[in-house]
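[1] Dropping a prediction and its sequence here:
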2 protein chains.
Amino acid sequence: MSRKVIELFYDVVSPYSWLGFEVLCRYRNVWNMELKLRPAFLGGVMQESGNKPPAMVPNKGLYMVQDLNRLASFMNIPLRHPSDPFEVMFQKGSLSAMRFLTAVAEKEKDGDRWVENVSREVWMRIWSRDEDICEPASLSEAGLKAGLSPSDVEEILAMAKSQPIKDKLKQTTKEAIKYDAFGFPLIVCHVDGKPKVFFGSDRFELMAYCIGEMWLGPQPDKRTSNL
Amino acid sequence: MSRKVIELFYDVVSPYSWLGFEVLCRYRNVWNMELKLRPAFLGGVMQESGNKPPAMVPNKGLYMVQDLNRLASFMNIPLRHPSDPFEVMFQKGSLSAMRFLTAVAEKEKDGDRWVENVSREVWMRIWSRDEDICEPASLSEAGLKAGLSPSDVEEILAMAKSQPIKDKLKQTTKEAIKYDAFGFPLIVCHVDGKPKVFFGSDRFELMAYCIGEMWLGPQPDKRTSNL
């Protein structure tokens, strides 16, 4: 059996992306797969696809709050809603954070442990502790917490403002759009040379069935959900 | 442990409702629950909530086709797409079918086995064999296939045109809207006197966690997905 490549396109502004990110990271060593983290820009995908944020329908917004709370509890992810979700998601947004993560990915040549750790720290800020993710100082703090050195963080902050990194983020976003993305997370499983595309954080059981792996619940190390 | 009551609000125009319906019917005797089938009118819910059909975003429509195909295979439900989904869903619609099912529910005093069987036969028409569900002859055929007698079917067809049945369907739809519905299926679990509301057919594992039951995959009699 050849190793499957699973790409995760995500944006830290999206709380469902965080759930999908943590579950896939937990399955790195459970499924026969190589996980590729692909930080991208959700704003570009929404514009390109003509999709609207779900919370624009008031009842959907209400539902999402309780849905996320229940999923976070079930999946054991410390997600908490920001006090002003509208400001956080639509006014401040995630462009500088996603450029920062793109620069982390660019600097990290082998694997993506840095990308994983920094993404998690940024999510902890925006979707757990209601902290800013727009200012350089905020991103710097996330980088340091993730274990980067001060000089690496300085370099990454500078890179994040450069044209090549801006272009790289656009490029990754375009790749997601090529898979007909209309939101994040978008998970692309490459099995036998064919991509199988899944949207959202609620198709893991189906995904396991489609790629010939075993679903052991969102906490595979505990297997609490199935045993 | 007191028996949980689980209400399923659904409309036969909705293919995801069919998936949710079959899974819950399979769990009737697996979970400690009483399932209550609540045929309602999706058109009313969409209008009231200001929600738009997902297929209005082209990439979402493309995705739904493959998502439904994969889910149907995984869940072992013979779902096939109609040749003209737009006509079937938005032009012909389901109003007469849902009035018919409301009349079946009204005539069936004890339990809802008739409602279950007739709903399934109507879904087989619209979402498996690409057959009409608007004409009285179509609904009559579904009723007979489901095991109703010709005289019962006649009576139900007549009832379906009456004001009390039209009002009953509106009433059930309003009940769904009271739970902040923005689409179907809407699943309301009554546990310890408090309703827990779930939207869609992709929250069963979470639902099991929230109501203290065990998720054994979409085919609990086979347990193929987890064992």
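    Received it, and whenever you're ready, just let me know what you need.

[2] Show me how far the helix or strand of chain A with the lowest mean pLDDT is from its chain's centre.
    The weakest-scoring helix or strand in chain A, judged by mean pLDDT, DSSP states H and E, is helix A:85-86 (a mean of 90). Relative to its chain's centre, helix A:85-86 lies at 18 Å (CA atoms, centre = their mean, to the nearest Å).

[3] got a list of contacts for that helix?
    Applying CB atoms under 8 Å, 6 or more residues apart in numbering or on different chains, the external contacts of helix A:85-86 come out as residue A:55. Just so you know, the C-beta spots here come from the backbone N, C-alpha and C atoms, and that holds for glycine as well.

[4] one more time with 10 Å
    The contact list for helix A:85-86 (CB atoms under 10 Å, 6 or more residues apart in numbering or on different chains) reads A:15, A:53, A:55, A:61, A:64, A:65, A:92, A:127, A:130.

[5] Beyond that helix, next helix or strand please.
    Downstream of helix A:85-86, the next assigned helix or strand under DSSP states H and E is helix A:95-107.

[6] how about that next one: buried residues?
    A:95, A:96, A:97, A:98, A:99, A:100, A:101, A:102, A:103, A:104, A:105, A:106 (16 or more other CB atoms under 10 Å in any protein chain shown).

[7] Go through the helix ranked longest in chain A and flag the buried ones.
    Using DSSP state H to define each element, chain A has its longest helix at helix A:58-75. Residues of helix A:58-75 classed as buried by neighbour count (16+ other CB under 10 Å): A:59, A:60, A:61, A:63, A:64, A:67, A:68, A:70, A:71, A:72, A:74, A:75.

[8] And stretch A:176-191, by the same measure?
    Residues of stretch A:176-191 classed as buried: A:176-177, A:179-191 (neighbour count, 16+ other CB under 10 Å).

[9] show me which of those residues neighbour chain B.
    A:177, A:179, A:180, A:181, A:182, A:183, A:186 (CB under 10 Å from any CB of the partner chain).

[10] Could you provide those in JSON lines, with additional columns for pLDDT and secondary structure?
    Formatted as JSON lines, these follow (pLDDT from 0 to 100; DSSP: H, G, I helix; E, B strand; the rest coil):
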{"residue": "A:177", "pLDDT": "97", "secondary structure": "helix"}
{"residue": "A:179", "pLDDT": "97", "secondary structure": "coil"}
{"residue": "A:180", "pLDDT": "96", "secondary structure": "coil"}
{"residue": "A:181", "pLDDT": "96", "secondary structure": "coil"}
{"residue": "A:182", "pLDDT": "96", "secondary structure": "coil"}
{"residue": "A:183", "pLDDT": "97", "secondary structure": "coil"}
{"residue": "A:186", "pLDDT": "98", "secondary structure": "strand"}
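
[11] pLDDT value on the residue nearest to residue A:156 when sequence neighbours are not counted, please?
    Spatially, and ignoring its direct neighbours in sequence, residue A:156 is nearest to residue A:103 (4.6 Å; CB to CB, 6 or more residues apart in numbering or on different chains). For residue A:103, the model assigns a pLDDT of 98.

[12] Then residue A:53?
    You'll see residue A:53 listed with a pLDDT of 88.

[13] give me phi/psi at it?
    The phi/psi pair for residue A:53 (degrees, to the nearest 10) reads phi -60, psi 140.

[14] likewise residue A:190?
    Dihedral angles (degrees, to the nearest 10) for residue A:190: phi -100, psi 110.

[15] ok, so what distance separates the residue nearest to it when sequence neighbours are not counted from residue A:32?
    Nearest non-adjacent residue to residue A:190, counting by CB to CB, 6+ apart: residue A:5, 4.3 Å away. Per CB to CB, to the nearest Å, residue A:5 is found 11 Å from residue A:32.

[16] Repeat that for residue A:24.
    Taken as CB to CB, the span from residue A:24 to residue A:32 is 14 Å.

[17] Residue A:138 now?
    For residue A:138, the distance to residue A:32 - CB to CB - is 37 Å.

[18] Export the buried residues of helix A:95-107 to TSV and append columns for distance to residue A:148.
    Formatted as TSV, the buried residues of helix A:95-107 follow (distance: CB to CB, whole Å):
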residue	distance to residue A:148
A:95	21
A:96	17
A:97	15
A:98	17
A:99	16
A:100	11
A:101	12
A:102	15
A:103	11
A:104	8
A:105	13
A:106	13
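
[19] for chain A, what are the low-confidence residue spans?
    Scanning chain A for pLDDT under 70 picks out A:1, A:223-227.

[20] isn't the residue nearest to residue A:156 right up against residue A:162?
    Yes. Assessed by CB atoms under 10 Å, residue A:103 is found in contact with residue A:162 at 8.0 Å.

[21] Good, we can wrap up now.
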